[in-house]
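J.: Generate a structure from the sequence data that follows.
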Amino acid sequence: MAKQVIYSANAPEPIGPYSQAIRSGNMVFISGQIAIRKPEGILITSSIEEETEQVMQNLKSILQAAGLDFSHVVKSTIFLKDMNYFPVVNEVYGKYFPNHPPARETVEVSRLPKDVNVEISCIAVG
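T.: Take a look at the predicted model:
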């Protein structure tokens, strides 16, 4: 199966040798997103709410570049620097999935890129 690179000018540039997303068949694999706001390239870490909101907006931009939206997401992974952030992150995340949320896991990790507090990746079908 061929793969197609998905790119959104409204989402952060990759900070390593990876693509924002890859389409393979009808599946879209979106790389973990952190709270970098385009076009300024500003890292948002003022509050966990704002940080999570920016991550979700970055995911939304990439989904749109693939011709999809959050209703197409079937799986996501949330990486947290501190599991104490879980209730707040869950609340912000949940606003994007009002019906039939995807499968998901949330894990605490010791460190994330650019020392952010949250990173989210997802897989969509469509």
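J.: quick one: the helices in this structure?
T.: 48-65, 86-95 (DSSP state H).
J.: I'd guessed residue 51 sits against residue 42; true?
T.: No - Residue 51 lies out of contact with residue 42 (Cβ atoms under 8 Å); the separation is 11.6 Å. From N, CA and C alone the C-beta is placed, and that goes for glycine too.
J.: anything in contact with each of those two?
T.: Common neighbours of residue 51 and residue 42 are not found (criterion: Cβ atoms under 8 Å, 6 or more residues apart in numbering).
J.: Looking at those two, which has the bigger crowd around it?
T.: Between residue 51 and residue 42, residue 51 has the larger neighbour count (other Cβ atoms under 10 Å), namely 23 against 11.
J.: distance of that one from residue 5?
T.: Going from residue 51 to residue 5 by Cβ to Cβ, to the nearest Å gives 26 Å.
J.: Check residue 57 too.
T.: On the measure of Cβ to Cβ, residue 57 and residue 5 end up 21 Å apart.
J.: okay, these two: which has more neighbours?
T.: Taking neighbours as other Cβ under 10 Å, residue 57 and residue 5 compare with residue 57 leading, 17 against 9.
J.: separation between the more buried one and residue 64?
T.: Shown here: residue 57 relative to residue 64, a distance of 10 Å by Cβ to Cβ.
J.: cool, and residue 12?
T.: From residue 12 to residue 64 the distance is 15 Å (Cβ to Cβ).
J.: Which one of the two is surrounded by more residues?
T.: Legend: neighbour count by other Cβ under 10 Å for residue 12 and residue 64, higher for residue 12 (20 against 14).
J.: Wait, that one touches residue 41, no?
T.: Yes - counting by Cβ under 8 Å, residue 41 is a contact partner of residue 12 at 7.4 Å.
J.: Between these two, which contacts overlap?
T.: Counting by Cβ under 8 Å, 6+ apart, nothing touches both residue 12 and residue 41.
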